[in-house]
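Peer 1: How does the following fold in three dimensions:
(chains A and B)
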Amino acid sequence: MSETAMPASFPSPLRGGVRGGGGADGTVALDPALPPPPAPPRKGEERGDTGSGYNFAYLDEGTKRMIRRAILKAIAVPGYQVPFASREMPMPYGWGTGGVQVTAAILGRADVLKVIDQGADDTTNAVSIRRFFAKTSGVATTTRTAEATIIQTRHRIPETPLSEGQTLVYQVPIPEPLRFLEPRETETRQLHALAEYGAMQVKLYEDISRHGHIATTYAYPVEVAGRYVMDPSPTPKFDNPKMDDCPALQLFGAGRERRIYAVPPYTRVRSLDFEDHPFRVQEFTYPCALCGAEGVYLDEVLLDDAGRRMFVCSDTDHCEGRRADGHVGTGDAA
Amino acid sequence: MSEPLLQVRGLTKRYGARLACADVSFDLVPGEVLAVVGESGSGKSTLLSLIATELAPDAGTVSYRMRDGDLRDLAGLSEAGRRALMRTEWGFVRQDAAQGLRMAVSAGGNVGERLMGMGERHYGRIRAQALDWLGRVEIAADRIDDPPTRFSGGMRQRLQIARNLVTGPRLVLMDEPTSGLDVSVQARLLDLIRRLSAELGLAVIIVTHDLAVARLLSHRIVVMRAGRVIETGLTDQVLDDPAQAYTQLLVSSVLAA
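Peer 2: Below you'll find the predicted structure:
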């Protein structure tokens, strides 16, 4: 991340770019004994502007710095929720303000950005966030998982295995896994500090007693690096195993709740369970109707009002890639 | 007499200028049931909160004999150690069941929570223990998956007791466990508490304003007034032959059934 997060060529106003107050328009009287100041940067250049009137990647450099500090702390303490001063973003809470701020803070000019919502690159949320960064930073965007250096996601982890050097940024609505049982923030912090996670197990117990099996299918709690219990955001539990020992850096941003947490590369991520009710991912009866893929997460698509439906890959890039390689599904047979 | 399980020395707590609890000292031996009686506002509940280390005293100490036989000052324990102690060795039955239970969680989950907190990760075993304990507090096995919101007041108190006793504690604090229950339900609950404390050799501190409860359950009694202990002794002795004028008043104000 360090390479892409702050390229040396990028002149930040916080790294010596700022001169005394009131000097922005060059009206400050200069002491002749001082060497002449460097030529003022052309409008836009100093701030990394792309001509949109906004700073590079929208946020100002001070804010990015603050967020990067939180990210570094989060990486240092895997799974721990680091508070940060979340900013008002030009989108409503719940649309990914946390993820957007994390992405803005780590985005560099050489990065290639991919944004997915439920695994799809072409849904409203994904399209608008991708456009937002294309407009405010000018970085290259892609829909191909393998080409991306930063992937912002709302729910899914791409089917294509991630690799070293990639960063996955999650948009998180409720970062606190214990919130279900303990509404007091002071108390949940205490519970995390003392690693008292019995209450988390109660939630799973309730599932089994009610449904006969652990019925939690998303936001399935995990233990990170043998210490903190973490809410992996509303990702389906199908993706939990992909978090374990993942070569990519995983960052989580919760804008409304003002928390950032992280799973560093190659970190142990264990889904909580019972000895006699071990963790299991969802299984699908049919392969993808379009590309025939098995062992992937499928979305149900209704075709008409007569009950016809089909199940297709939730990861659109994965599905398109397979079809381009000549894989064909069975159509809407399901 | 065996060595004390709990030693309270000079416990004092002020709320501003008001004295809630003044220089309270007593010992509790294993298996002993101590009743703290007094009128409303006499400092009974404050005393219980101080003992449970939920409130910090202005002066005085609470010491507890650990499993290794060491008598240790609770104020000297780490937060983690203190909480672990409360979760395993101690129980606290609240007056308001909603404070002592997770109302949104099933009865089985409520009883199992302490076990899971101690690291039990086998659903079948947790379930079996929960069933066993529900049986011991006379809650029907088919109510195991109902949340306490669907339980009557008496059942909620019994569930609280099961939840606290499942880890085999040695000391249980009870704050007016029978108040707000009708008389027949009270009698049943008292019967249960008496039976369980005798069976398990539990030390109990029970706070109550009801002298009948004190007479039925306790071996010894502490009478409080305006934050001070004014009389202490064996239950029968204090209730049948009260020395202090206030205690005499308290005893004589009980309605004869």
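Peer 1: Just want the residue of the stretch 151-300 of chain A that's nearest chain B.
Peer 2: Taking Cβ to the nearest Cβ as the measure, the point where the stretch 151-300 of chain A comes nearest chain B is A:Gly198, at 2.8 Å. Where you see a C-beta, it was placed from the backbone N, CA and C, and this is true even at glycine.
Peer 1: What does that residue show for phi and psi?
Peer 2: phi -60, psi -40 (degrees, to the nearest 10).
Peer 1: Tell me how far the longest helix along chain B lies from the chain's centre.
Peer 2: The residue-count maximum for a helix in chain B (DSSP state H) belongs to helix B:183-200. Relative to its chain's centre, helix B:183-200 lies at 13 Å (Cα atoms, centre = their mean, to the nearest Å).
Peer 1: same thing with stretch B:124-141?
Peer 2: Distance, centroid of stretch B:124-141 to centroid of chain: 21 Å (Cα atoms, centre = their mean).
Peer 1: for stretch B:28-35, same thing?
Peer 2: So, by Cα atoms, centre = their mean, the centroid of stretch B:28-35 is 11 Å from its chain's centroid.
Peer 1: returning to that earlier point: state the number of residues packed around the closest residue to the residue of the stretch 151-300 of chain A closest to chain B other than its chain neighbours.
Peer 2: Leaving aside its chain neighbours, A:Gly198 sits nearest to B:Gly117 (2.8 Å; criterion: Cβ to Cβ, 6 or more residues apart in numbering or on different chains). Other residues near B:Gly117 come to 20 when the count uses other Cβ atoms under 10 Å in any protein chain shown.
Peer 1: And B:Gly117, what's its pLDDT?
Peer 2: For B:Gly117, the model assigns a pLDDT of 90.
Peer 1: Show the average pLDDT along the helix or strand hosting A:Ile129.
Peer 2: Following DSSP states H and E, one finds A:Ile129 within helix A:124-137. The average pLDDT within helix A:124-137 is 94.
Peer 1: Stretch A:252-267 now?
Peer 2: pLDDT averaged over stretch A:252-267 gives 97.
Peer 1: And the strands in the chain?
Peer 2: Unless you meant another one, I'm taking chain A. Remark: strands assigned in chain A by DSSP state E are A:82-83, A:112-116, A:140-141, A:150-153, A:167-171, A:222-224, A:228-230, A:249-254, A:259-263, A:269-271, A:298-302, A:309-313.
Peer 1: oops, I was thinking of chain B
Peer 2: Under DSSP E, chain B gives strands at B:6-15, B:18-28, B:33-37, B:59-65, B:71-73, B:90-93, B:171-175, B:203-208, B:220-225, B:228-234.
Peer 1: what about the residue of the stretch 151-300 of chain A closest to chain B, neighbour count?
Peer 2: For A:Gly198, the count of nearby residues is 19 (other Cβ under 10 Å).
Peer 1: What are the neighbouring residues in contact with it?
Peer 2: B:Glu113, B:Arg114, B:Met116, B:Gly117, B:Met118 (Cβ atoms under 8 Å, 6 or more residues apart in numbering or on different chains).
Peer 1: ok, 10 Å please
Peer 2: A:181, A:191, A:205, B:87, B:112-120 (Cβ atoms under 10 Å, 6 or more residues apart in numbering or on different chains).
Peer 1: Most neighbours among these, which one is it?
Peer 2: B:Gly112 (29 neighbours).
Peer 1: Please tell me how far it sits from chain A.
Peer 2: 6 Å (Cβ to the nearest Cβ, to the nearest Å).
Peer 1: Go ahead and confirm that residue touches B:Gly124.
Peer 2: No - counting by Cβ atoms under 10 Å, B:Gly112 does not reach B:Gly124; the two are 11.3 Å apart.
Peer 1: before we move on, the earlier item: packing partners of the helix holding A:Ile129?
Peer 2: Applying 3 or more Cβ pairs under 10 Å, 6 or more residues apart in numbering or on different chains; DSSP states H and E, one finds that helix A:124-137 contacts helix A:97-106, strand A:112-116, strand A:140-141, strand A:150-153.
Peer 1: For chain B, which of those is the nearest?
Peer 2: Between chain B and the helices and strands packed on helix A:124-137, the shortest gap by Cβ to the nearest Cβ is with helix A:97-106, which sits at 27.2 Å.
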